[in-house]
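K.L.:
What follows is a predicted protein model with its sequence.
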Amino acid sequence: MIEFEWNWAFAWEVLPLLLDACKITLQATLLGSVLAIVIGLLLALLRRSKWKAVGYTAYWWMEFVRSTPLLVQIYFLYYVAPEWGLNLSPMVTGVLALGMHYGAYLSEVFRSGIDGVDKGQWEASIALNLSPYRTYRDVILPQALRAMIPAAGNYIIAMFKETPQLSAITLLEMLQLAKIMGSENFRYLEPFTLVGLIYLVLSLVASTAIRQAERRFPKEGFTLS
Amino acid sequence: MSDFAVEFDNVTKKFGDNVLFEHFNFNIRKNEVVSIIGPSGSGKSTLLRILMTLESIDAGMVRVQGESLWHMQKNGAWLPADERHLRKCRGHMGMVFQHFNLFPHMTVLRNITEAPIHVLGQSKEEARANGMELLRTVGLADKADAYPSRLSGGQKQRVGIARALAMKPSILLLDEITSALDPELVDEVLEVIRKLAAEDAYTMMLVTHEMYFAREISDRVCFFDAGQIVEEGPPEQIFNAPNHERTRAFLNSFLNI
């Protein structure tokens, strides 16, 4: 007979193990976010290229990645890439897949942030003969960043909540561990409840942090140098 | 070397199917102060924007300090200008915008020093010293550390002028620089331009609706309408005895307001 009563002793036993596995989850999220930001910015800049072919390629890459499921991309990197001699560990695969997938979403955030900067700022930069690098770095991006924070932050939280998909390629993150604990002890209630709670707490903390970052982002004086 | 700072040679400019001007010819001598007046939408500002490479041309040739702007010569053949060529030509010019286009996230001084440091390669100390000197010239030395949002329109525009001057241009392009200002702030900006014109060190091209000012500082006034210079000459002639009916009508509409 299956018991539905909450077992505190068991909960206390699995909690430290889950928190330990949570480090893997956070590591994948953090590295995935960094990669997603780099890829997103790169795609956004490529889409503004004066060479149309480059812009279209970046656009269709973004559409392709956004229109296929993350899990398919994870499987592809993990099971198909080795056939081409690309053997990646579950963690590296996970970070790559998350970075690529969310990079495509972030590129759209960056693009609209950049588009939101007044046209006169570009013109002043041309008139002052600033290089494209200086224009982006010193003039455009610092002004675009504030508008990007909420949407970009939400995507990073979404990425965090998608990390359980990496259990499909045997990454021992929280959910994978909870499943193992459950099957070894024939009790799933406590591990899965705790996993849910840990996600809930961390997501709430992250979204509060993002709201704070947005609110406190200086209207003036923010530069990247 | 050409005697002209700016030359439009048979230039055509279109926006889509709309021809703004065709076979347009226009020259400005070195250190000449030229005002372009004329009705809104006649393409006056486009002349300045073409020079500053904010707009391209469809045919003809534009020269800045004797150098072709939109074309470059390579092994005897004319090619469209590349970014490097454009950057070299832009170095001759400075532009002041109707809506200032200051960088809102930078202090006044940083607005002025940004390009000298990163484009001209000045050291920070040198750029700051020059910047402070320019701020004194425009009467805003006490605002060096303020952000543009704290400034009045007239102060913003004086920073805009200082920012353009910091790049040591020989040609100043002033695009309706007082049009966005409250009337009581116009004079403080014009006063700065007046001083610059008196230095006789700059070629100046103004697009303006300030008729009295154009009359006062210009060596030559050009009435521009429907894609061509209808009439040009010394200010006394244009304002006192315009030859052309359209010039008269335009000036009357102004004076009667």
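P.N.:
Thanks, I have the structure now.

K.L.:
tell me what the longest helix along chain A is packed against?
P.N.:
Counting residues, the longest helix in chain A under DSSP state H turns out to be helix A:8-47. Under the contact criterion of 3 or more C-beta pairs under 8 Å, 6 or more residues apart in numbering or on different chains; DSSP states H and E, helix A:8-47 touches helix A:52-66, helix A:90-115, helix A:141-162, helix A:174-185, helix A:189-216. Quick note: C-beta positions are derived from backbone N, CA and C, even for glycine.

K.L.:
what angle sits between it and helix A:52-66?
P.N.:
Interaxial angle of helix A:8-47 relative to helix A:52-66 (axes from the mean of the first three to the mean of the last three C-alpha atoms, to 10 degrees): 160 degrees.

K.L.:
Tell me the gap between helix A:8-47 and the middle of its chain.
P.N.:
Computed by C-alpha atoms, centre = their mean, to the nearest Å, the chain-centroid distance of helix A:8-47 equals 8 Å.

K.L.:
Can you mark which positions in it are buried?
P.N.:
Of the residues in helix A:8-47, A:11, A:14, A:17-18, A:21-22, A:24-25, A:28-29, A:31-33, A:35-37, A:39-41, A:43-47 count as buried by neighbour count, 16 or more other C-beta atoms under 10 Å in any protein chain shown.

K.L.:
cool, stretch B:21-30 as well?
P.N.:
Residues B:Phe21, B:Phe24, B:Phe26, B:Ile28, B:Lys30 are the ones in stretch B:21-30 that count as buried (16+ other C-beta under 10 Å).

K.L.:
tell me which parts of chain A are close to chain B?
P.N.:
Neighbours of chain B within chain A, by C-beta under 8 Å from any C-beta of the partner chain: A:118, A:120-121, A:123-124, A:126-131, A:134, A:138-139, A:142-143, A:219-223.

K.L.:
Please indicate which of the residues you listed are buried?
P.N.:
Going by neighbour count (16+ other C-beta under 10 Å), the residues of chain A next to chain B have A:121, A:123-124, A:126-130, A:134, A:138-139, A:142-143, A:223 buried.

K.L.:
Quick check: helices, which of the residues you listed are part of them?
P.N.:
Per DSSP H, those map to helices at A:Gln121, A:Glu123, A:Ala124, A:Ile126, A:Ala127, A:Arg134, A:Pro142, A:Gln143.

K.L.:
mind checking how far the longest helix along chain B is from the chain centre?
P.N.:
Selection of the longest helix in chain B by residue count, based on DSSP H, yields helix B:183-199. Centroid separation for helix B:183-199 versus its chain: 14 Å, with C-alpha atoms, centre = their mean.

K.L.:
That helix packs against which elements?
P.N.:
Helix B:183-199 sits against helix B:153-165, strand B:203-207, helix B:211-217, with contacts defined as 3+ C-beta pairs under 8 Å, 6+ apart.

K.L.:
Give me the residues contacting it.
P.N.:
B:33, B:137-139, B:152-155, B:157-158, B:161, B:165, B:172, B:174, B:177-178, B:181, B:202, B:204, B:206, B:210, B:213, B:216-217 (C-beta atoms under 8 Å, 6 or more residues apart in numbering or on different chains).

K.L.:
near chain A, from those?
P.N.:
With C-beta under 8 Å from any C-beta as the criterion, the contacts of helix B:183-199 include none near chain A.

K.L.:
Only the buried subset of those residues, as a ChimeraX command please.
P.N.:
Here is the ChimeraX command that selects the buried residues among these (16+ other C-beta under 10 Å):
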select /B:33,137,138,153,154,155,157,158,161,165,172,174,177,178,181,202,204,206,210,213,217
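
K.L.:
Could I get the contacting residues of A:Gly103?
P.N.:
A:Leu35, A:Ala36, A:Ile37, A:Val38, A:Ile39, A:Gly40, A:Leu42, A:Leu43, A:Val65.

K.L.:
how about the helices and strands packed on helix B:183-199 in JSON lines, adding mean pLDDT?
P.N.:
Listed next are the helices and strands packed on helix B:183-199 as JSON lines, based on pLDDT from 0 to 100:
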{"stretch": "helix B:153-165", "mean pLDDT": "97"}
{"stretch": "strand B:203-207", "mean pLDDT": "97"}
{"stretch": "helix B:211-217", "mean pLDDT": "92"}
